[in-house]
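>>> Generate coordinates for the sequence data below:
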Amino acid sequence: MSKKAWFVLSLAVVIVAVLLGTSASAQKLEVVRLTEVVRSVFYAPHYVALAKGFFEEEGLQVELGTAWGADKGAAAVISGAVDIGFFGPEATVYIYQQGAEDHLIGFAQLTARDGSFFVTRDVEEDFQWDNVRGKTIVGARIGGVPQMALEWVLKKHGIRPFEDVKIITGLAFEAAVGAFEAGLGDYIAQFEPAMSEIEARGRGKIVASIGAEAGPLTYTVYHARKSNFEQNPEMFLRFTRAFHQGQLWVYSHSAEEVAEVIAPFFPLIDLDILADSMRLYQSIDAWPPTPVISEGHFLHLQEVMIEAGELEEMVPFSLLMDTAIAQTVVDELQQ
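Numbering: from 1, shown residues only. I've put the predicted structure just below:
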């Protein structure tokens, strides 16, 4: 056999070995089907954990989909279509109150405030909350936390929702921004980076943070079915450990650095806009420092729900939220 033929054969053997090794390595990863409530910079710690390979380091291969709504995300988890979903705990409360035996359990907290920023169409407006009287706000879905938090803030400023101000609640989340830019409404409350994009195009101005106004809430939480959570605690421990690494990375890096890491998840968004969004969320302490769910913030969430007329009485924290795994992850780093 010639040296050239021997080299080609050897190279082929190496390539096959590498491919087989890669395949075997991939097979070792446990697949976790995850659905996000929407796609937003608001969930930056999670995207960082994905981009930095923290889940793979824990032996997990995360398959990410987008539900476009807490109700849809919760339905996907309950049906078994996905293993984990991150969305607002209000969906968990609703499902529990409907009598579901295998209800949802929240096990790690992703965000700690409402992620909506309030935008006026009039870029010259000297904004005061009283300005919205008699005007129209493009809001969110009735029963969802973004809409309930908006109503809470309006009432805080002495404005009666749907009486002193018109609120449009029938638009799909992903359609609201386009409708506003097309001329619907005087104000809009929505997540980033959409509001910074409106501002950059000169079609509106960010004038307030709903999250800052409403106060800390158990806002976005990772959920699983109770049976799944109890049967596979080791997987949820590894998942939470990986996510927490994303939290820590975001806390220790600048808005520009985080924007660069999460940019692949937002291919149509300018990098400067992403960095602006990150700074906005950092300015309101949008993310908790640990994945441990706050009981006090969960109680405040239910206060907001009761005030909105969506809940009659509070559900005990211990029935729907579990802090044991998240606390274990935090304790590991302190040892």
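
>>> how does the protein divide into domains?
33-113+217-334, 116-214 (automatic domain parsing).

>>> And for E234, the neighbour number?
By the other Cβ atoms under 10 Å criterion, the neighbourhood of E234 contains 10 residues. Just so you know, the C-beta spots here come from the backbone N, C-alpha and C atoms, and that holds for glycine as well.

>>> In three-state terms, label it for me.
Following DSSP: H, G, I helix; E, B strand; the rest coil, the label given to E234 is helix.

>>> how about it, what does it touch?
Shown in contact with E234 (Cβ atoms under 8 Å, 6 or more residues apart in numbering): no residues.

>>> gap between it and F117?
39 Å (Cβ to Cβ, to the nearest Å).

>>> cool, G53 as well?
G53 is 31 Å from F117, by Cβ to Cβ.

>>> ok, now T290?
Going from T290 to F117 by Cβ to Cβ gives 25 Å.

>>> one step back: let me have the domains of the chain in a markdown table, adding mean pLDDT as columns.
What follows is the domains of the chain, written out as a markdown table (pLDDT from 0 to 100):
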| stretch | mean pLDDT |
| --- | --- |
| domain 33-113+217-334 | 95 |
| domain 116-214 | 96 |
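
>>> higher neighbour count, T290 and F117?
F117 (26 against 19).

>>> The more buried one - nearest residue in space that isn't next to it in sequence?
Leaving aside its sequence neighbours, F117 sits nearest to M195 (Cβ to Cβ, 6 or more residues apart in numbering; 4.5 Å).

>>> can you list the residues that contact the helix or strand hosting F180?
Taking DSSP states H and E as the criterion, F180 maps to helix 173-181. For helix 173-181, the surrounding residues in contact (Cβ under 8 Å, 6+ apart) are 38, 68-69, 119, 121, 138, 140-141, 171, 185, 188, 190, 194, 197-198, 201, 203-204.

>>> quick one: secondary structure of the residue nearest in space to the middle of the chain?
Centroid-nearest residue in the chain, with Cα atoms, centre = their mean: Y43, separated by 4.3 Å. Y43 falls in the helix class when you classify it by three-state DSSP.

>>> just checking, it touches F86?
Yes - using Cβ atoms under 8 Å, Y43 is in contact with F86, at 7.1 Å.

>>> Give the residues shared as contacts by the two.
Residues touching both Y43 and F86 by Cβ under 8 Å, 6+ apart: E36, L110, T220.

>>> Out of those, list just those in helices.
Among these, no member falls in helices (DSSP state H).

>>> ok, so of the residues you listed, who is nearest Q327?
Nearest to Q327 out of the shared contacts of Y43 and F86 is L110 (Cβ to Cβ; 16.1 Å).

>>> returning to what we had before: can I get the helix holding F180 as PDB, trimmed to CA atoms?
In PDB, the C-alpha atoms belonging to helix 173-181 read as follows (Å, rounded to 0.1, in the frame of the first residue of the first chain):
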ATOM      1  CA  PHE A 173     -48.500  38.900  22.500                       C
ATOM      2  CA  GLU A 174     -46.500  38.800  19.300                       C
ATOM      3  CA  ALA A 175     -49.000  41.000  17.400                       C
ATOM      4  CA  ALA A 176     -49.300  43.900  20.000                       C
ATOM      5  CA  VAL A 177     -46.100  45.800  19.000                       C
ATOM      6  CA  GLY A 178     -46.900  45.800  15.300                       C
ATOM      7  CA  ALA A 179     -50.500  47.000  16.000                       C
ATOM      8  CA  PHE A 180     -49.100  49.900  18.100                       C
ATOM      9  CA  GLU A 181     -46.600  50.900  15.500                       C
END
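
>>> which helices and strands does the host helix or strand of A74 pack with?
Assigned by DSSP H and E, A74 belongs to helix 70-79. Under the contact criterion of 3 or more Cβ pairs under 8 Å, 6 or more residues apart in numbering; DSSP states H and E, helix 70-79 touches strand 30-36, strand 84-87, helix 90-97, strand 104-111, strand 220-225.

>>> between the ones you listed, which one is nearest to S252?
Taking Cβ to Cβ, strand 104-111 is the member of those nearest to S252, at 17.5 Å.

>>> neighbours of A179, just the number please.
For A179, the neighbour count with other Cβ under 10 Å is 15.

>>> I'd like to know how far it sits from V138.
Using Cβ to Cβ, A179 is found at 6 Å from V138.

>>> any common contacting residues for those two?
Both A179 and V138 are contacted by L171, G185, under the criterion Cβ under 8 Å, 6+ apart.

>>> And the nearest residue to A212 once chain neighbours are set aside, its phi and psi?
Of all residues not flanking A212 in the chain, I284 sits nearest, at 4.6 Å (Cβ to Cβ, 6+ apart). Phi and psi for I284, reported as degrees, to the nearest 10, are phi -110, psi 10.
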